[in-house]
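Chemist: sequence plus the predicted model coming up.
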Amino acid sequence: MKYMHSLSSIAINRKIPIIVTNIVRTIDKREKENLEESISMYTHTKIKLSKGDNGYFCQAISPFDNKKFQYTITSRGITDQS
């Protein structure tokens with residue numbers, strides 16, 4: 001986790017956002033993130049992307065606010081459908 005500590009220090013000192021991806025598994029109908037406890041110490045906001053029958057969904061999760069919205073992916077990029 002020394003790498004995550006260094007990475008979070010860079011983000012704070014330079015005031016830049018950094019996106020870190022993590023694998024999510026489903027075990028007995030429960031989602032479980034790899035290294036969830038270790039990585040969560042350095043995470044300010046989690047972004048969960050999923051695909052449903054009606055398109056793509058995003059959920060932004062933070063201790064202060066949670067937001068959900070639907071989006072599409074086009075040749076111009078990602079477009080908010082809300």
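Modeler: Arrived safely, thanks for sending.
Chemist: quick one, what contacts the spatially most central residue of the chain?
Modeler: Closest residue to the average C-alpha location of the chain: residue 47 at 2.4 Å, with CA atoms, centre = their mean. The contact partners of residue 47, taken as CB atoms under 8 Å, 6 or more residues apart in numbering, are 19, 58-61. (Each C-beta comes from the backbone N, C-alpha and C, glycine too.)
Chemist: what's the closest of those to residue 75?
Modeler: When the contacts of residue 47 are compared for distance to residue 75, the smallest value, 19.3 Å, is given by residue 58; criterion: CB to CB.
Chemist: local confidence estimate at that closest one?
Modeler: Note for residue 58: predicted pLDDT of 93.
Chemist: just list the residues touching it, thanks.
Modeler: Counted by CB under 8 Å, 6+ apart, residue 58 has contacts 47-49, 68-71.
Chemist: which ChimeraX command selects the buried ones in those?
Modeler: In ChimeraX syntax, the buried subset of the contacts of residue 58 is picked out as below (16 or more other CB atoms under 10 Å):
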select :71
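Chemist: switch the contacts of residue 58 over to a markdown table; also include secondary structure, distance to residue 35 and pLDDT.
Modeler: Formatted as a markdown table, those follow (DSSP: H, G, I helix; E, B strand; the rest coil; distance: CB to CB, whole Å; pLDDT from 0 to 100):
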| residue | secondary structure | distance to residue 35 | pLDDT |
| --- | --- | --- | --- |
| 47 | strand | 17 | 90 |
| 48 | strand | 16 | 90 |
| 49 | strand | 19 | 90 |
| 68 | strand | 25 | 93 |
| 69 | strand | 27 | 92 |
| 70 | strand | 29 | 94 |
| 71 | strand | 27 | 92 |
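Chemist: max pairwise distance over the contacts of residue 58: which two?
Modeler: Using CB to CB, the pair of the contacts of residue 58 lying farthest apart is 47 and 70, separated by 14.2 Å.
Chemist: CA atoms of the helix-or-strand element of the chain with minimal mean pLDDT as CSV?
Modeler: Here the helix or strand of the chain ranked lowest by mean pLDDT, DSSP states H and E is helix 36-40, holding a mean of 81. Extracted C-alpha coordinates of helix 36-40, given in CSV (Å, rounded to 0.1, in the frame of the first residue of the first chain):
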residue,chain,number,x,y,z
GLU,A,36,-11.5,-3.0,-0.4
GLU,A,37,-10.3,-2.3,3.1
SER,A,38,-6.8,-1.3,2.0
ILE,A,39,-7.8,0.9,-0.9
SER,A,40,-10.8,2.6,0.8
